[in-house]
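Chemist: Need coordinates for the below:
(one chain, ligands or ions: 1)
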Amino acid sequence: MQQVFANNFVPKGRYICLNCSKEFILEKREYLRPCDECGYNQFKANIILQMSGDELKEKCRDVIRVLEVSTFLFEEKGQKEFLNVMAINLRLLLCDGENSLLPKVYKNPQFNKANAKYKDNVLLPKDLFFNELEQVDLNTFLGTVLAYPRNARPITVKKCIRSVANKLGGAHVDSEMESDAFLSGTLAKYYITEVAKYIIDMCEFDYKKDIGEFLNLMR
Ligand SMILES: [Zn+2]
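Modeler: Residues are numbered from 1 along each chain as shown. Model (predicted):
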């Protein structure tokens, strides 16, 4: 049995609510919502079938393509709502625990280490992938602190991605209210954009070429 959180894509399997014990079966990989009986967001699960290697590669490719297009629409076309789409796709790639796509397809991805100089308790976005010579693994990267807000726990890369991704997710009320003010401010978008571009580059996608193809499709 594995413990699984709602508001993620999950493999097919049998899921049991950890609050009210309601049990249900997902017949295919899909988005796991909070318990429809009691609203709780944690489950234990018997995951019946994981995706095959080829399915994972294809899924990962699709997610990175959506990440490219949403980054373009957000950054170059000023379509603000696509920041949320970027964060949702980064969450699928990086922050989905055991189901995160990137480490399944790209074994043990490495990230340039941040330059841990904080200005007014905040890491400048340009310092996030500062040191090319010193690399860290995915979990260390996700734990990089972006800011130390007053009266709240530090905001990490993982928290920033999840918070922006959950913004349109509706009923996601948790103990992270304090940091929401910070994340809904101006900085989160720069971090999300930095991470998106770094991941696209790391996976050796040709951003300019892919966006060119996308624009051709739109004609
Ligand atoms: Zn329940």
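Chemist: Heading C-terminal from the helix or strand containing residue 192, find the next helix or strand.
Modeler: Per DSSP states H and E: residue 192 is located in helix 187-202. Per DSSP H and E, the first helix or strand lying C-terminal to helix 187-202 is helix 207-218.
Chemist: Now that next one: buried residues?
Modeler: For helix 207-218, burial by neighbour count (16 or more other CB atoms under 10 Å) applies to 207, 210, 211. C-beta: built from backbone N, CA, C; applies to glycine.
Chemist: go on, stretch 145-152?
Modeler: Neighbour counts over stretch 145-152 (16+ other CB under 10 Å) mark 145, 146, 147, 149, 152 as buried.
Chemist: Mark which of these are part of strands, please.
Modeler: 145, 146, 147 (DSSP state E).
Chemist: Could you check how far residue 16 is from the ion?
Modeler: Distance of residue 16 to the ion, computed by CB to the ion, to the nearest Å: 9 Å.
Chemist: Run through the residues that contact that residue.
Modeler: Going by CB atoms under 8 Å, 6 or more residues apart in numbering, residue 16 touches 22, 23, 43, 44, 45.
Chemist: list the contacts for the first one?
Modeler: Going back to what we said before, that points to residue 22. 16, 35, 36, 37, 38.
Chemist: From these, list just the buried residues.
Modeler: Of the contacts of residue 22, these count as buried by 16+ other CB under 10 Å: 16, 35.
Chemist: Report the two of the contacts of residue 22 separated the most.
Modeler: With CB to CB as the measure, no two of those lie farther apart than 16 and 36, at 13.3 Å.
Chemist: Could you double-check that residue 15 sits in contact with residue 24?
Modeler: Yes - using CB atoms under 8 Å, residue 15 is in contact with residue 24, at 5.9 Å.
Chemist: ok, back up a step: report the buried members of the contacts of residue 16.
Modeler: Of the contacts of residue 16, these count as buried by 16+ other CB under 10 Å: 43, 45.
Chemist: Count the neighbours of residue 34 for me.
Modeler: By the criterion of other CB atoms under 10 Å, residue 34 has 20 neighbours.
Chemist: quick one: contacts for it?
Modeler: Counting by CB under 8 Å, 6+ apart, the residues that residue 34 touches are 6, 7, 40, 41, 171.
Chemist: Make a markdown table out of those and add distance to residue 58.
Modeler: What follows is the contacts of residue 34, written out as a markdown table (distance: CB to CB, whole Å):
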| residue | distance to residue 58 |
| --- | --- |
| 6 | 25 |
| 7 | 23 |
| 40 | 33 |
| 41 | 29 |
| 171 | 31 |
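Chemist: OK, contacts around residue 126?
Modeler: Residues in contact with residue 126, defined by CB under 8 Å, 6+ apart, are residue 194.
Chemist: What are the phi and psi values at it?
Modeler: phi -70, psi -20 (degrees, to the nearest 10).
Chemist: Let me know the pLDDT of it.
Modeler: Confidence at residue 126, expressed as pLDDT, is 93.
Chemist: show me the contacts for the residue most central in space within the chain.
Modeler: Nearest to the geometric centre of the chain sits residue 91, at 1.5 Å (CA atoms, centre = their mean). Going by CB under 8 Å, 6+ apart, residue 91 touches 8, 161, 162, 165.
Chemist: measure it to the ion for me?
Modeler: To the ion, residue 91 is 23 Å away according to CB to the ion.
Chemist: now do residue 77
Modeler: Residue 77 sits 41 Å away from the ion, going by CB to the ion.
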